[in-house]
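Colleague: build the 3D model from these lines:
(2 chains)
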Amino acid sequence: DQQVKQNSPSLSVQEGRISILNCDYTNSMFDYFLWYKKYPAEGPTFLISISSIKDKNEDGRFTVFLNKSAKHLSLHIVPSQPGDSAVYFCAATGWAGNQFYFGTGTSLTVIP
Amino acid sequence: EAQVTQNPRYLITVTGKKLTVTCSQNMNHEYMSWYRQDPGLGLRQIYYSMNVEVTDKGDVPEGYKVSRKEKRNFPLILESPSPNQTSLYFCASSDPGTSGGRSYNEQFFGPGTRLTVL
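Modeller: Sure, this is the predicted structure:
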């Protein structure tokens, strides 16, 4: 059973606007959450992460929000740029940091 | 350059013919993992290793073997491949904690190996 879910397979956004990608999880033992970005024919690359003791982490245009009570996290990209067009994966891990659970990915298209 | 390399990048084989996909990292990371990516299923962890000679099953280990004899290498072995193992495979490495400004649990992924089993 999928412990990390990304219910939107795709998202289209105009350049300069905000992109919001969502992720839900079921396991309350998850301790750390990460977002990865993937371009075609390449491996995923790390984007941003958040510990379960925080509710927000910001890095430039990227912000991740964590709502532990709802078991929900979101990635905000502001402003969106055409180069942000990629597949975004949400991932979660426990305190040991060895087992990772990934969502199914959301394909973001930023329209110039 | 810090990187994770995988070989081969593409492989077409037949059912039952043993194969090995190699993975190597040059970052002295302790943790290494193998994943498979399938449409509609995202990335699923096959096996992981926390250090030399320490390996454990991930979510989908059936039909796969791994070994970790050296810190830098983590080969994935398919002893008798079957068509349901046709997939895109990724190797990843990480060092838990913070080091040199890197985030906790950030994984570095290889470029992927596209495997087709006929």
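Colleague: return the backbone torsion pair for the residue of chain A at minimum distance from chain B.
Modeller: Nearest residue of chain A to chain B, counting by CB to the nearest CB: residue A:43, 3.3 Å away. For every residue, glycine as well, the C-beta is placed using N, CA and C. Dihedral pair for residue A:43: phi -80, psi 160, per degrees, to the nearest 10.
Colleague: contacting residues for it?
Modeller: The contact partners of residue A:43, by CB atoms under 8 Å, 6 or more residues apart in numbering or on different chains, come to B:4, B:90, B:92, B:109, B:110, B:111, B:112.
Colleague: what do you get for residue A:81?
Modeller: Contacts of residue A:81 (CB under 8 Å, 6+ apart): A:15, A:61, A:110.
Colleague: for residue B:63, same thing?
Modeller: Here residue B:63 is in contact with B:78, B:79, B:80, B:81, B:82, B:85 (CB under 8 Å, 6+ apart).
Colleague: swap the cut-off to 10 Å and go again
Modeller: Residue B:63 is in contact with B:46, B:77, B:78, B:79, B:80, B:81, B:82, B:84, B:85, counting by CB atoms under 10 Å, 6 or more residues apart in numbering or on different chains.
Colleague: mind checking the SS state of it?
Modeller: coil (DSSP: H, G, I helix; E, B strand; the rest coil).
Colleague: how close does it sit to chain A?
Modeller: 19 Å (CB to the nearest CB, to the nearest Å).
Colleague: quick revisit: out of the contacts of residue B:63, which is nearest to chain A?
Modeller: Scanning the contacts of residue B:63 for proximity to chain A, where the rule is CB to the nearest CB, the winner is residue B:46, at 11.3 Å.
Colleague: so that closest one sits against residue B:23, correct?
Modeller: No. Checked against CB atoms under 10 Å, the pair residue B:46 and residue B:23 is beyond contact range at 11.5 Å.
Colleague: which residues do those two both contact?
Modeller: B:33, B:34, B:66, B:76, B:89, B:90, B:91.
Colleague: ranking by neighbours, what's the top pick from these?
Modeller: The residue in the shared contacts of residue B:46 and residue B:23 with the most neighbours, by other CB atoms under 10 Å in any protein chain shown, is residue B:91 (29 neighbours).
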